[in-house]
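*Asks:* model the structure of this input:
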Amino acid sequence: MAGVNIHLHCFEYGRAHSKELNEYCSSINYYPRKKTIFNFFTNLPYIVISRTSNKLLENLKSNNHPVLFDGLHTTFLMNHPELKGRIKCIRAHNIEYQYYKSLADIENNVFKRLYYKHESVLLKEYESNIDPCVKILTISQRDNEFFKKINDNTILIPPFHPYENVIASPGIGNYILYHGDLSVRENSLIAEELIKNVFNNIKYNCIVAGKKPPASLYRVASRSANVKLVADPDSDKMNDLVKNAHINILPSLTTNGFKLKHLTALYAGRFCILNHTAANSFIENAHVHIADSYSEMVNQIYNLINEEFTDEMISSRMQILDKDFSNQVNAKKIIDLIFN
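*Replies:* Numbering: from 1, shown residues only. Reported below is the predicted structural model:
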């Protein structure tokens, strides 16, 4: 591996412990997340204050190792005086205040919408006061530009992923795929709109796949003869769906962070259609096809549906992706930031 020992500290709230982590970590400590109503009535974001632990502080004080906070939500102890002088980094997965604002914009439940709006206000203040001595590792170019204005100690480290090579299959598939966590409002809303405005206007087989689709998505999908809804596929099934599709169509409503399903589509799938909101600037040329309006998406589908995905395309995509998304290169960047 990279030659670095990892002592993992993580908060838990119902999910089973992962045995696979034992292969990579020298030690693992779990702490309960404090999901109490009183945490809503503070000047700190709920996602941060609900992840506090005196035991965690004691464990961190027992050594002088560098601390990597994985996500802004884990940073409650970032400015604790007893950790002063430690090397500290934050892996920023989003511009969190903008992410929560976007959740509020598309949320129908009035109580959830109020929570997202309130959390967005608190997160904006919290993000703007990150200690300038803390290194911020951003996940996308847009996020990097935002945090660079707050903290000059900011560097872009694109997301890590399970691929060493492009594993897409050459040839032609026989369906179009949209996939994602369908319990997330943004994803289910995109899926419904794609069915209504794109899939209903083409004659090809289409699949929507993901976990926990809402009842509204079942209703919309059931009205379309060429649309199949695959609920809660396991990882093997999802990988097969991505790899065997002729086109992965994955538009986004928000520009926050980086959606790993786009990398999955590029490494494991054939043709990929994104809108500009979804397409980070450094992957737009990796055989990604851009379409913003629904009519443009329909046109792109007709342009690509009979085109063969070739070995030459796979090789070219690998060369492009390897420039920014090499796991080995990006891991070395983090190690150099922390230890040099």
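
*Asks:* my read: residue 95 touches residue 258, true?
*Replies:* No: using Cβ atoms under 8 Å, residue 95 is not in contact with residue 258; the gap is 11.5 Å. Placement of C-beta: from N, CA and C, glycine included.

*Asks:* compare these two and say which is more crowded by neighbours.
*Replies:* The residue with more neighbours, out of residue 95 and residue 258, is residue 95; 25 against 21, by other Cβ atoms under 10 Å.

*Asks:* tally of neighbours for residue 157?
*Replies:* 20.

*Asks:* ok, the nearest residue to it once chain neighbours are set aside - contacts?
*Replies:* Once flanking residues are discounted, residue 157 sits nearest to residue 137: 4.6 Å by Cβ to Cβ, 6 or more residues apart in numbering. Residues in contact with residue 137 (Cβ atoms under 8 Å, 6 or more residues apart in numbering) are 89, 90, 91, 92, 154, 155, 156, 157, 334, 337.

*Asks:* filter those residues down to the buried ones.
*Replies:* Neighbour-count burial (16 or more other Cβ atoms under 10 Å) applied to those gives 89, 90, 91, 92, 154, 156, 157, 334, 337.

*Asks:* pLDDT score assigned to the fifth one?
*Replies:* Right, residue 154. On pLDDT, residue 154 comes in at 95.

*Asks:* hang on, the earlier thing: mutual contacts of residue 95 and residue 258, please.
*Replies:* With Cβ under 8 Å, 6+ apart, residue 95 and residue 258 have common neighbours residue 143.

*Asks:* I'd like the next helix or strand past the host helix or strand of residue 143.
*Replies:* Applying DSSP states H and E as the criterion places residue 143 in helix 141-150. Per DSSP H and E, the first helix or strand lying C-terminal to helix 141-150 is strand 154-156.

*Asks:* got a list of what the nearest residue to residue 75 once chain neighbours are set aside touches?
*Replies:* Leaving aside its chain neighbours, residue 75 sits nearest to residue 69 (4.7 Å; criterion: Cβ to Cβ, 6+ apart). Contacts for residue 69 (Cβ under 8 Å, 6+ apart) come out as 75, 78, 88, 89, 90, 91.

*Asks:* endpoints of stretch 202-221, how far apart?
*Replies:* Counting by Cα to Cα, to the nearest Å, you get 14 Å between the two ends of stretch 202-221.

*Asks:* hang on, the earlier thing: ok, of the buried ones among the contacts of residue 137, which one's closest to residue 202?
*Replies:* Residue 202 has its nearest neighbour among the buried ones among the contacts of residue 137 in residue 156, at 37.2 Å by Cβ to Cβ.

*Asks:* pairing partners for the closest one in the sheet, please.
*Replies:* Beta-bridge pairing of residue 156 under DSSP bridges involves residue 138.

*Asks:* ok, it - contacts?
*Replies:* Shown in contact with residue 156 (Cβ under 8 Å, 6+ apart): 137, 138, 139, 140, 141, 144.

*Asks:* now with 10 Å, please.
*Replies:* Going by Cβ atoms under 10 Å, 6 or more residues apart in numbering, residue 156 touches 136-145, 147-148, 282, 324, 330, 333.

*Asks:* and residue 91, by the same measure?
*Replies:* Listed by Cβ under 10 Å, 6+ apart, the contact partners of residue 91 are 68-72, 74, 135-139, 157, 159-160, 334.
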